[in-house]
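Asker: Sequence first, predicted coordinates after that:
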Amino acid sequence: MIRSFKRFIKKYSGMTIFEEKVESIIRNIPNPQIQLRQLSLYYRQLLYQNQPLPKLSETGFRVYSQIDEDGVLNYIFSLIGTTNKVCLDIAFASPYGSNTTNLILNDGWNGILICSKNEEVERTNNFFISQIRHVEIFPKPTSKSMYQVLNFIVISYF
């Protein structure tokens, strides 16, 4: 995670105020959950003080995602807020390379994951159990079982 932040800073080194703030967060807080929370609070502070916000393209970084979705999602949800913190990932393949993994592990979200391959259900379940996070993991649904998945989502979260 720290490498991701450092790459982010190097990539956008022209932004001195923003760069200094992010660098201080990285240097002073070793825990990724606390780093993300601190960064979210910084974005909110900029918003409430009517200061210029970074461009969306400047906020990306990787924790678990394939590209820069983790940072972009952190930025967006920092500014607009959340309600019930439930993510739905259809065709989930692996915890690594998925932007929902960071939301579940580091931001306290609940996850509903529909695996793209039935063989991945147990491996994915073991990953999240080892991280002490509750997620609902479904095998690739058929048209008949899709009703059960949607029913579970509606009853459990709405």
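Answerer: That came through, no problem.

Asker: helices or strands next to the helix or strand harbouring Asn74 in the packing?
Answerer: Using DSSP states H and E, Asn74 sits within helix 69-80. Packing partners of helix 69-80 (3 or more C-beta pairs under 8 Å, 6 or more residues apart in numbering; DSSP states H and E): helix 2-11, helix 32-48, helix 99-106. C-beta here means a position set from N, CA and C on the backbone, and glycine is covered the same way.

Asker: my guess is Pro32 meets Val63, correct?
Answerer: Yes. The pair Pro32 and Val63 qualifies as a contact (C-beta atoms under 8 Å) at a distance of 6.5 Å.

Asker: Show me which of these two is the more surrounded one.
Answerer: Taking neighbours as other C-beta atoms under 10 Å, Pro32 and Val63 compare with Val63 leading, 20 against 17.

Asker: Quick one, grab the pLDDT at the more buried one.
Answerer: According to the prediction, Val63 has pLDDT 86.

Asker: Neighbours of Glu120, how many?
Answerer: With other C-beta under 10 Å as criterion, Glu120 counts 19.

Asker: which one is it nearest to, not counting chain neighbours?
Answerer: Closest residue to Glu120 apart from its sequence neighbours, by C-beta to C-beta, 6 or more residues apart in numbering: Ala93 at 6.5 Å.

Asker: From Glu136, how far out is that neighbour?
Answerer: 17 Å (C-beta to C-beta, to the nearest Å).

Asker: So which of these two has more stuff around it?
Answerer: The residue with more neighbours, out of Ala93 and Glu136, is Glu136; 18 against 14, by other C-beta under 10 Å.

Asker: Sweet, I'm off.
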